[in-house]
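In: Let's see this in three dimensions:
(chains A and B)
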Amino acid sequence: DAKTTQPNSMESNEEEPVHLPCNHSTISGTDYIHWYRQLPSQGPEYVIHGLTSNVNNRMASLAIAEDRKSSTLILHRATLRDAAVYYCILRDNWGGGGSNYKLTFGKGTLLTVNP
Amino acid sequence: SAVISQKPSRDICQRGTSLTIQCQVDSQVTMMFWYRQQPGQSLTLIATANQGSEATYESGFVIDKFPISRPNLTFSTLTVSNMSPEDSSIYLCSAGASGGYNEQFFGPGTRLTVL
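Out: Below you'll find the predicted structure:
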């Protein structure tokens, strides 16, 4: 399985941007880069995903390096509600034609947001 | 999107007994998964619940210990059999459409304590 490397923890101040890095040097050409986060006492929730190009949605932006060996999740203005564990995951595909998949979670980055 | 509910939300069980956890999705989904999250740890995939066929188990998990059913496209159960204190954990159900580019949804989890 392709693996990712993330810092164990990061700290930010409220209302400031946060850049969460992820290294995935063994990524294959068909792996999608997914980000999920898990708020305290909740199940994980989807944040964003991408393949090659940078992506934006209402929650965050995803910047993908040109060689795809690293990516950065950007929270433009952190709030206290963004305090969570953020997981960078390469989407495994198995089965014919990429019709099946599974998410393999690493340890993630614990983001603390200071008021 | 899909909303996932799990029953029970928590339980305290005696060693040697079994517990069945139910997972209900509010829409038809292709893929359903069961994860375990031990205290302070990341999520570990137990198995993929396949509709109409046997579940696909990850290394370290076996059908006799974690039998799974998936009778239709919206429902699955996970049984934790012959429980020991080491089985104390949060068990999470997850679901989504097939394809590496699709987001996966998670239930709130079932917190199991085995005495």
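In: all contacts plus neighbour counts: C-alpha atoms, from now on.
Out: Noted.
In: residues making contact with stretch A:56-76?
Out: Applying CA atoms under 8 Å, 6 or more residues apart in numbering or on different chains, the contact partners of stretch A:56-76 are A:16-27, A:35, A:47-50, A:52-55.
In: again but with stretch B:37-53, I slipped
Out: Residues from elsewhere that reach stretch B:37-53 (CA under 8 Å, 6+ apart): A:103-108, B:31-36, B:55-58, B:61, B:68-73, B:76, B:88-92.
In: Nearest residue to A:Asn114 in space, please, no chain neighbours.
Out: Among residues not flanking A:Asn114 along the chain, A:Asn13 sits closest, at 4.6 Å (CA to CA, 6 or more residues apart in numbering or on different chains).
In: ok, the one you found touching A:Ala78?
Out: Yes: at 7.1 Å, A:Asn13 counts as touching A:Ala78 under the criterion of CA atoms under 8 Å.
In: between these two, who's got more neighbours?
Out: A:Ala78 (21 against 15; other CA atoms under 10 Å in any protein chain shown).
In: Now do the contacts for the more buried one.
Out: By CA under 8 Å, 6+ apart, the contact set of A:Ala78 is A:12-18, A:113.
In: Which residues are in contact with the spatially most central residue of chain B?
Out: For chain B, the residue nearest the mean C-alpha position is B:Trp34 (3.1 Å; CA atoms, centre = their mean). The contact partners of B:Trp34, by CA under 8 Å, 6+ apart, come to B:45-49, B:78, B:91-94.
In: On the three-state scheme, it is what?
Out: Recorded secondary structure, B:Trp34: strand (DSSP: H, G, I helix; E, B strand; the rest coil).
In: Quick check: nearest residue in space to it, chain neighbours excluded?
Out: Closest to B:Trp34 by CA to CA, 6+ apart is B:Cys93, at 4.7 Å.
In: Please tell me I have it right and the one you found contacts B:Phe33.
Out: Yes: the pair B:Cys93 / B:Phe33 is scored as a contact, 5.8 Å apart, by CA under 8 Å.
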